[in-house]
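Chemist: this one's sequence-less:
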Ligand SMILES: C[S@@+](CC[C@H](N)C(=O)[O-])C[C@H]1O[C@@H](n2cnc3c(N)ncnc32)[C@H](O)[C@@H]1O
């Protein structure tokens with residue numbers, strides 16, 4: 001367990017230095033795989049509960065601890081109050097980790113011990129408000145969906161995410177819940193590669209909301225369809241499983257290798273092209289394009305809690321500009337009467353609703369087709385005819401990622 005705690009602290013230090021948790025996967029290579037998994041889980045839990053942990057710790061410290069000691073206190077606090085860790089073991093481990101910081105650690109160990117004993121007896125943890133979204137995100141989210149929704153989204157971020165799978169047509173996974181939209185949901189901790197049907201390629205990991213853009217596109221067997229920002233390939237797999245002739249384009253050759261691995265495991269096929277989608281053009285016009293554009297990924301914070309600590313919102317205007325150029329290029333690849341599904345895993349209207357309204361204004365004759373999909377409730381349909389999902393939807397079932405998507409039909 002202490003290897004895992006040490007690993008979690010290394011990951012948290014990395015996030016403070018601007019590295020995402022997934023960027024740091026290699027940093028824990030020396031640990032046994034179960035410790036790597038535990039370290040990643042602990043680090044994510046600390047980030048999900050950081051403001052609550054700081055509020056509790058703040059009540060018992062007289063001086064601001066160093067960043068390393070602060071992380072040790074947060075980790076122990078989250079273990080004690082959120083993960084029901086046994087006080088004796090958690091406090092001892094935190095003291096040992098503090099001593100391991102060298103001379104300064106020796107001096108802080110007594111304080112860590114005293115503070116954590118008080119934390120262990122603290123009451124009122126569950127009454128503390130969840131980790132707030134950063135202002136650059138919270139302000140537009142509250143303006144778009146209301147203050148109550150912003151709070152519900154923060155509660156969903158704190159709750160984390162279950163594991164969702166998209167099955168190949170007809171595949172079943174024992175013990176998984178079938179969601180109204182057709183995805184499968186596994187509750188509780190699960191090791192993906194140990195689930196039944198993994199090796200056989202019966203399914204792939206994909207959030208229930210992330211599975212909707214391809215359902216909205218409604219691919220038909222034999223249709224020529226491009227997936228323009230394809231990696232790691234969840235949507236490419238859906239298109240291929242429907243029998244479409246898919247070309248999966250992604251700018252990153254390394255990420256495209258993951259698409260190849262996923263296709264291989266699931267015995268599905270697609271043409272893979274490593275290219276800037278803005279420069280890629282097929283020989284003849286396509287039936288349809290799926291554009292799952294690069295975006296702020298603010299709809300995925302419940303699975304990637306580090307995002308709130310790594311971004312400051314300054315990248316959004318550049319992304320909005322790129323998305324608009326990708327939409328225009330994607331439309332130029334489609335035959336008259338063909339369809340484009342535009343999707344982003346973002347909570348920000350500027351990347352979703354506003355982006356589509358702007359595309360309609362730029363392209364006379366382009367029309368939005370209102371979704372009619374199993375499990376999609378009318379409240380998810382936007383004024384423009386797009387589909388908006390939020391982390392606080394299906395709260396009693398474990399939520400879903402925040403996405404915006406719209407099906408656009410090109411004029412004949
Ligand atoms: C939101 S992810 C796509 C997720 C993917 N559609 C799935 O369902 O698994 C965005 C992807 O866009 C790729 N990308 C970013 N800019 C691009 C560009 N100009 N051309 C092609 N791909 C790009 C990134 O490498 C990244 O893999």
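Modeler: Received it, and whenever you're ready, just let me know what you need. What you are looking at is a predicted structure, and each value in this text was computed from that prediction instead of being measured.
Chemist: mind checking how far residue 313 is from the ligand?
Modeler: 18 Å (Cβ to the nearest ligand atom, to the nearest Å). (C-beta placed from N, C-alpha, C; glycine too.)
Chemist: I misspoke; the intended subject was residue 298.
Modeler: Applying Cβ to the nearest ligand atom, one obtains 12 Å for the distance of residue 298 from the ligand.
Chemist: what sits against that residue?
Modeler: 137, 307, 345-348, 402 (Cβ atoms under 8 Å, 6 or more residues apart in numbering).
Chemist: let's go with 6 Å and repeat that
Modeler: If a contact means Cβ atoms under 6 Å, 6 or more residues apart in numbering, then residue 298 has 137, 346-347 as its contacts.
Chemist: next: residue 215.
Modeler: Residues near residue 215 by Cβ under 6 Å, 6+ apart: residue 373.
Chemist: just the element for it, please.
Modeler: Here residue 215, judged by DSSP states H and E, is contained in helix 212-217.
Chemist: now do the buried residues in the following helix or strand past that helix.
Modeler: The element immediately downstream of helix 212-217 (helix or strand, assigned by DSSP H and E) is strand 224-227. By neighbour count on 16 or more other Cβ atoms under 10 Å, the buried set for strand 224-227 is 224-227.
Chemist: any idea how far the ligand is from the residue most central in space within the chain?
Modeler: Most central in the chain under Cα atoms, centre = their mean is residue 300, positioned 2.9 Å from the mean C-alpha point. Using Cβ to the nearest ligand atom, one obtains 9 Å as the distance from residue 300 to the ligand.
Chemist: cool, residue 171 as well?
Modeler: Counting by Cβ to the nearest ligand atom, the separation of residue 171 from the ligand is 19 Å.
Chemist: and what of residue 281?
Modeler: Residue 281 sits 13 Å away from the ligand, taking Cβ to the nearest ligand atom as the criterion.
Chemist: since we're on that residue, how many residues are nearby?
Modeler: Neighbours of residue 281 under the rule other Cβ atoms under 10 Å: 12.
Chemist: give me the spatial nearest neighbour of it, chain neighbours excluded.
Modeler: Nearest residue to residue 281, sequence neighbours excluded (Cβ to Cβ, 6 or more residues apart in numbering): residue 333, at 6.4 Å.
Chemist: I'd say that neighbour and residue 286 touch.
Modeler: Yes: judged on Cβ atoms under 6 Å, residue 333 makes contact with residue 286 at a distance of 5.4 Å.
Chemist: helices and strands around the strand or helix carrying residue 289, which ones?
Modeler: With the criterion set as DSSP H and E, the secondary-structure element containing residue 289 is strand 286-292. Secondary-structure packing of strand 286-292 (3 or more Cβ pairs under 6 Å, 6 or more residues apart in numbering; DSSP states H and E): strand 224-227, helix 316-332, strand 334-344.
Chemist: could I get those as JSON lines with mean pLDDT and distance to the ligand?
Modeler: As requested, those are exported to JSON lines (pLDDT from 0 to 100; distance: least, Cβ to the nearest ligand atom, whole Å):
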{"stretch": "strand 224-227", "mean pLDDT": "98", "distance to the ligand": "6"}
{"stretch": "helix 316-332", "mean pLDDT": "98", "distance to the ligand": "7"}
{"stretch": "strand 334-344", "mean pLDDT": "98", "distance to the ligand": "7"}
